[in-house]
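> Sharing a model that was predicted from the sequence below.
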Amino acid sequence: MADINYEKARIPGEESGIEVKYSVCDICTPGSHCGLTCYVKDGKVIKIEGTKEHIYNKGKLCTKGRANRQYLYRPDRLLTPMKRTGKRGEGKFEPISWEEAIDTIAEKMLRSREKYGADSVAFYSGYTKWYRFMFRRFAHVFGTQNYGTESSSCFTSGVLAWQVAAKSYMIQDLANTDLFIGWGTSGYFSRWPMIGGMERGKARGMKVIIVDPRITPTTQRIADLHLRPHLGTDGALALAIAHVLIENGWVDKPFIEKYVHGFEEYAEYVKQFTPEKGEELTGVPAADIIKAAEMIHKSKSACITESSAPLGHHRNGMQNYRAIMSLLIITGNFDRKGGQRPQVHSFMEADHGYSSVSREEEFMEERFPHEGKPAVGAKRFPLWYNLKEDMQANDLARNILAKDEDSVKVLFALGMNYRMFAQDGKYLEAFNELDFFVNVDLFMTDTCKYADIILPACTSMERGEFKSYAGGYVWFTKPVVEPLGQSKSDAEILTLLARKMNFDDEYLCGGYEKCIEYVIRDLPYTIEQLKAADHPIQLPNPEVYKWGSTLEKGLKTPTGKLELFSELINSHPEWNLDPLPTYKPPYSPDPEKYPFLLCAGTRIPNALHSRLHDMPWERHMLPEPSVEMSLEDADKYGIELGDDVEIITNIGSLTFKAIPTATVMEGEVYIYHGYREVDINSILDGDNLDPYSGFPAYRSAYCNIRRK
Ligand SMILES: Nc1nc2c(c(=O)[nH]1)N[C@H]1C(S)=C(S)[C@@H](COP(=O)(O)OP(=O)(O)OC[C@H]3O[C@@H](n4cnc5c(=O)[nH]c(N)nc54)[C@H](O)[C@@H]3O)O[C@H]1N2
Ligand SMILES: Nc1nc2c(c(=O)[nH]1)N[C@H]1C(S)=C(S)[C@@H](COP(=O)(O)OP(=O)(O)OC[C@H]3O[C@@H](n4cnc5c(=O)[nH]c(N)nc54)[C@H](O)[C@@H]3O)O[C@H]1N2
Ligand SMILES: [Mo]
């Protein structure tokens, strides 16, 4: 039975005119781009399925991926370049030719560079990542450090936390560990492939601790121990667990002596975080804090999930992250099988078995304008700038509205969605101050309505791109249909502009494939060979990481050791940041007025940020912007399912439909973001940012609730 090729059986005969072609879904993040089997007739995709032969999804697709055909043919797809004819935000545009669009954009950018300097132009990318290696270099060749992305709010906080400690980014070794700590993990909704790893781990006897204020399918089906701290109190929980580990001598002393810097200071600081104090600060019972420490002690190895959002989206997010990761450092679970191991932070090659040096990173760094003015946000978030050297996009609206000599005047964006920012109304105000604004998107979004020129991008099904997957799998996709209307891939748009502006860069002027050749030059395959395949192919000898090799080579931190006490931070007293992973509770503007903790953004299966709310298949699963709250609070306030509930913050108020649920703790409310009609980010405080990372406190904002 296993050998039957069902796909063949499903395909109607040749005379039907239906062709089967293969692509990828790029609705979520690279590395998790699932294979799509597209049935194409008369140049149109008529049906989509998950590709059975694809190494990553093996025939499956999630609720979002299933809707790729609706995504491709959404009625508001942009089909031509357009220029604004009405007021900003009004939505009045007229079509123009590509030639006029590229000429105008190049001229405006060059003129601004000449008049005010290259840093008066900023380049921004929304969630999409496949072109970013080109885009970053593009900004640098233009001459500005002002390149920033949605990663100003996603994932990077954890990367920075590890960089402070180890100078390299680390991820969990889920496949080999004895104890997996899912710290803010609900993979069934946000990262289903990770759930596979957790289920396989359970089957071989791996133990699981999940740290999540809510009850989720993961806490119910997978956790051996479920810890429920209040939102944003994770740092205190980690320090209390560390207290128990140190008090009992459950730490790896030889490892600490050899590899760790600052243990004495850290141990001294941690003394105050007794289990009882931990309970008081987090709500997690002292007995469970002790139990978690015992589980870590009894396991031969332990690792902690890297978190892109739930740990970073707090004013104290990065310090909490550091406190959590310190648990691995003091127990020696670093660069050890089953613990945490180094990984190159790359969108296309990390850990994919063919490069020990990141060519992608090299490609992006090569042209960095070191002599240029420091990027937007450098002064306000110096640690971010020191480690990342990008614009911190959460500072962009402030920068523009300041209207001084440092202000950005021209903004060129690929897929910008202003609603991703806290207090996003400031971004609209800022757009109004710009001399010139270009946005490139698939759809006519509300952000596009503020642009002077809009350019139409195309989806993954209409372009070819290089893909790689863990285990040494590589591929170059082919378009399954022609780009709709006059739309073009983002990479092609960058190439057109690079040529128009006479960039002295053979790669950017040469186009996407030329850039990819640079990145994959160590591969034994050419792009043509990769294109000839229908599915990712495995490299003959994928590289396998040698455990301990990073420690052996020596870390690139100031002391060459794992730093619990950061000498980088210590050497910059003017930053006003703490060298130790100290704890501060989430910030409330007024605890009496705003007694509820608000978490805005915890993932739902049928949406990805702003992308899918406008698609019927996805929208019908949760038609109205809603707020989840505890049954106790619903009772107290007389609120029932479907009632209108007003959410009030220090910035404003909005009305959502109530979903009382037993999964949420008393005193907390949960809302998903990205809706056009009721946008939670419009009432979150845009200055409530983490001073270490610049991340907004989307998940420990404070509010009040009122039944309407
Ligand atoms: N309240 C709250 N806010 C949050 C978060 C949260 O948890 N809570 N999460 C934060 C996080 S982690 C993230 S990652 C961000 C997400 O940040 P966003 O960047 O807002 O993500 P999206 O809405 O998915 O995509 C942005 C735009 O890209 C367009 N797009 C899609 N594909 C392409 C393409 O191929 N080319 C081009 N040019 N455009 C394309 C989409 O149509 C959309 O308009 O939001 C952040 N904001
Ligand atoms: N369906 C869907 N999938 C997505 C996305 C999407 O929008 N929709 N977005 C993608 C992106 S950009 C990202 S960044 C990832 C995020 O992916 P994850 O990090 O997995 O996502 P979340 O669902 O935001 O958070 C996971 C769990 O953390 C809990 N949590 C929230 N706040 C806290 C806290 O303060 N402490 C602790 N310990 N737990 C907390 C939540 O209750 C939730 O159950 O998801 C990706 N996948
Ligand atoms: Mo994200």
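That came through, no problem. The structure presented is a predicted model; accordingly, all values stated were derived computationally and were not measured. Ligands and ions are numbered 1, 2, ... in the order given.
> After the strand ranked longest in the chain, which helix or strand is next?
As assigned by DSSP state E, the longest strand anywhere in the chain is strand 653-661. Remark: after strand 653-661, the chain's next helix or strand is strand 668-671, criterion DSSP states H and E.
> So what touches that next one?
Contacts to strand 668-671, defined as CB atoms under 8 Å, 6 or more residues apart in numbering, come from residues 213-214, 230-231, 596-602, 625-630, 633, 647, 656, 664, 680, 703, 705. Heads up, the C-betas are built off the backbone N, CA and C, glycines and all.
> contacts for the following helix or strand past it?
On the C-terminal side of strand 668-671, the nearest following helix or strand under DSSP H and E is strand 701-707. Contacts to strand 701-707, defined as CB under 8 Å, 6+ apart, come from residues 586-591, 593-600, 627, 629, 633, 637-639, 643-650, 658, 669, 684-685, 688.
> Distance-wise, check the residue in the chain that ligand 1 sits nearest to relative to Tyr698.
Going by CB to the nearest ligand atom, ligand 1 is nearest to Gly601 of the chain, at 2.3 Å. Gly601 sits 5 Å away from Tyr698, going by CB to CB, to the nearest Å.
> Now the common contact residues for those two.
When contacts are counted by CB under 8 Å, 6+ apart, the set common to Gly601 and Tyr698 consists of His313, His673.
> who's more crowded, those two?
Neighbour count, other CB atoms under 10 Å: between Gly601 and Tyr698, Tyr698 has more, with 27 against 22.
> Leaving out the residues flanking it, which one is nearest to the more buried one?
His313 (4.3 Å; CB to CB, 6 or more residues apart in numbering).
> Just the pLDDT at that neighbour, thanks.
At His313, the pLDDT value in this model is 98.
> ok, now Glu543?
78.
> Could you do Ala9 as well?
Among the per-residue scores, Ala9 holds a pLDDT of 51.
> Could I get the full set of strands for the stretch 151-300 of the chain?
Ranges of strands within the stretch 151-300 of the chain are 170-172, 179-183, 207-211, 225-227, 260-261, based on DSSP state E, counting those that start in this stretch.
> Mean neighbour count added to the ones you listed, as JSON lines?
Below are the strands of the stretch 151-300 of the chain laid out as JSON lines (neighbours: other CB atoms under 10 Å):
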{"stretch": "strand 170-172", "mean neighbour count": "23"}
{"stretch": "strand 179-183", "mean neighbour count": "27"}
{"stretch": "strand 207-211", "mean neighbour count": "24"}
{"stretch": "strand 225-227", "mean neighbour count": "20"}
{"stretch": "strand 260-261", "mean neighbour count": "23"}
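> neighbouring contacts of stretch 397-411?
Residues outside stretch 397-411 that contact it (CB under 8 Å, 6+ apart) are 108-109, 112, 116, 119-124, 146, 373, 376-377, 380, 396, 421, 426-427, 429-431, 433-438, 686.
> Pull out whichever of those are also neighbours of ligand 2.
Counting by CB under 6 Å from any ligand atom, nothing from these sits close to ligand 2.
> What subset of those is buried?
Buried by 16 or more other CB atoms under 10 Å: 108-109, 112, 116, 119-124, 146, 373, 376-377, 380, 396, 421, 426-427, 430-431, 433-438, 686, out of the contacts of stretch 397-411.
> What parts of the stretch 251-400 of the chain come near ligand 2?
Selection of the stretch 251-400 of the chain residues close to ligand 2 by CB under 6 Å from any ligand atom yields Ser307, Ser308, Ala309, Pro310.
> The buried ones among the contacts of stretch 397-411 in helices, which ones?
Members of the buried ones among the contacts of stretch 397-411 lying in helices (criterion: DSSP state H): Lys108, Met109, Ser112, Tyr116, Leu396, Lys426, Tyr427, Ala430, Phe431, Glu433.
> Tell me the one of those nearest Glu563?
Using CB to CB, Leu396 comes nearest to Glu563 of these, at 30.8 Å.
> Kindly tell me how buried the nearest residue to Glu462 once chain neighbours are set aside is, as a neighbour count.
Spatial nearest neighbour of Glu462, chain neighbours left out: Pro483 (4.2 Å); criterion: CB to CB, 6+ apart. Using other CB under 10 Å, Pro483 has 18 neighbouring residues.
> again, but for Leu239
Residues within reach of Leu239, counting by other CB under 10 Å, total 28.
> repeat for Pro585
When neighbours are counted by other CB under 10 Å, Pro585 registers 15.
> Pull the contacting residues for it.
Gly232, Thr233, Ala236, Leu281, Asn316.
> Pull up the per-residue confidence for the residue nearest to Glu462.
98.
> In three-state terms, how would it be classified?
Secondary structure for Pro483, judged by DSSP: H, G, I helix; E, B strand; the rest coil, is coil.
> Sketch out the low-pLDDT regions of this structure for me.
The model of the chain has pLDDT under 70 over residues 1-15, 349-357.
> what does it have sitting close to ligand 2?
Counting by CB under 6 Å from any ligand atom, the chain sits next to ligand 2 at 28, 154, 183-186, 189-191, 211-214, 216, 229, 231-232, 234, 307-310, 599, 601-603, 605, 607-609, 699.
> Just confirm Asn541 is within a strand.
No. Counting by three-state DSSP, Asn541 is not found in a strand; it is coil.
> Stretch 676-686: which residues count as buried?
Neighbour count says stretch 676-686 has Val678, Asp679, Ile680, Asn681, Ser682, Ile683, Leu684, Asp685, Gly686 buried, by 16+ other CB under 10 Å.
> In the protein, which residue is most central in space?
In the chain, the residue lying closest to the centroid (CA atoms, centre = their mean) is Cys154, at 3.7 Å.
> which non-adjacent residue is nearest that one?
Once flanking residues are discounted, Cys154 sits nearest to Ser308: 5.4 Å by CB to CB, 6+ apart.
> so the residue nearest to the centre of the chain touches Ala309, yeah?
Yes. Counting by CB atoms under 8 Å, Cys154 touches Ala309, with 6.4 Å between them.
> Quick check: residues of the stretch 101-250 of the chain near ligand 1?
Residues of the stretch 101-250 of the chain lying near ligand 1 (CB under 6 Å from any ligand atom): Gly126, Tyr127, Thr128, Glu150, Ser153, Cys154.
> do stretch 685-705 and ligand 1 meet at all?
Yes. Using CB under 6 Å from any ligand atom, we find that stretch 685-705 touches ligand 1 at Tyr698.
> Span of that stretch from start to end?
End-to-end distance of stretch 685-705: 17 Å, with CA to CA, to the nearest Å as the criterion.
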